[in-house]
Each structure stands twice: as C-alpha cells, then as structure tokens.
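Visitor: Here is my input; please provide its structure:
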Amino acid sequence: MKNAKQLLQDKLRPGIFSVPPDATVFQALQLMAEKDIGALLVMENETLLGIFSERDYARKVVLQGKTSAATPIRDIMTAKVVFARPSSSIDECMALMSERRIRHLPVMDSNVVVGVLSITDLVRAQIAEQQFVIEQLEHYIHG
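Guide: Next up is the predicted model:
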C-alpha cells in the first residue's frame, strides 16, 4: 500500500497552491478557479497558518453576509489544520479525512508542507490498488 509521499509523487496536478493571510477571499477564489482546485493553503513565508476551502467560503462569507472583496482570508480560514505525514498510509489518510469531514489534507514533513492530498487523490489510489489485486487474483485463477 502506498503512503502519502508516494501519492504526492503520482499526483496528476502536483504543486502547493497558497495565499498569504492578508489576501482577500476574492483573490483566493480567483486562484482556486484558475487552478481548478477546491482549497488553498494559507501561508506566511513557509509557515502554514491555515487552510481555505469552498466550504469556508459558503459558510463563513456567503451565509454571514460578508463580501469577498473586503474580507481577508485570515478572518475566515480554518486555523486548526489537520495534516498527514509523508509516511501516512492511504488508509490512515482516508480515516483522518472521514473522521474530520475534510476533503483536502496537507502533508507535512517536520514543519514543512510537502504537498496536499485531496479525497480524489486517495480514491484514485484505492481504486488502482483494488484493480491490481483483482488482476492478480484473476491471473492466479486462470493461470
């Protein structure tokens, strides 16, 4: 079974996308739309301060009557970031994401962000692993 580090190497769209805490929600949404992603890390220099997702926007901006152009990310980001380690298995990452009801999981090595896994990345990996097992079993059965 692959671990988080290996999944990051296999990503279709590698990279770490982030905004500074003083960026506006509008600026963050523009970057998310441009990159076709559902969440951004909020970072100052190399330090992870939080994460901003589409869910944060819906619940903390739209529903509270704030404006995207006037609201800084620091005011609505999720500051308690759940993360995985490079050695975390697919199952561990999925369990963490399910338990915390999140769709994006930063991967940190010491205090350095090395990537972000989405639930889609994990599901793809699970499907590929199951397909491999099925093929091996079919090969064994049919000789």
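Visitor: ok, and the closest non-adjacent residue to Thr47?
Guide: Counting by CB to CB, 6 or more residues apart in numbering, Thr47 lies nearest to Asn111, which is 7.6 Å off, once chain neighbours are set aside. Glycine gets a C-beta too; all of them are placed from N, C-alpha and C.
Visitor: for Val116, same thing?
Guide: Nearest-residue entry for Val116: Pro106, 5.2 Å, with adjacent residues in sequence omitted and distances by CB to CB, 6+ apart.
Visitor: cool, Leu49 as well?
Guide: Closest residue to Leu49 apart from its sequence neighbours, by CB to CB, 6+ apart: Val42 at 4.8 Å.
Visitor: which residues does that neighbour bridge with?
Guide: Applying DSSP bridges to Val42 gives these bridge partners: Val19, Gly50.
Visitor: re earlier: any figure for the gap between the residue nearest to Thr47 and Gly50?
Guide: When distance is defined by CB to CB, to the nearest Å, Asn111 is 15 Å away from Gly50.
Visitor: who's more crowded, these two?
Guide: Using other CB atoms under 10 Å as the criterion, Asn111 and Gly50 rank with Gly50 on top: 18 against 8.
Visitor: Hmm, Pro21 and that one touching each other?
Guide: Yes - taking contact to mean CB atoms under 8 Å, the distance of 7.5 Å between Gly50 and Pro21 places them in contact.
Visitor: so what sits against both of the two?
Guide: Overlap of the contact sets of Gly50 and Pro21 (by CB atoms under 8 Å, 6 or more residues apart in numbering) consists of 42, 73-74, 77.
Visitor: pLDDT, distance to Phe132 and secondary structure for those residues - can I get that in CSV?
Guide: Rendered in CSV, the data for the shared contacts of Gly50 and Pro21 read as follows (pLDDT from 0 to 100; distance: CB to CB, whole Å; DSSP: H, G, I helix; E, B strand; the rest coil):
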residue, pLDDT, distance to Phe132, secondary structure
Val42, 98, 37, strand
Ile73, 97, 40, helix
Arg74, 96, 44, helix
Met77, 96, 38, coil
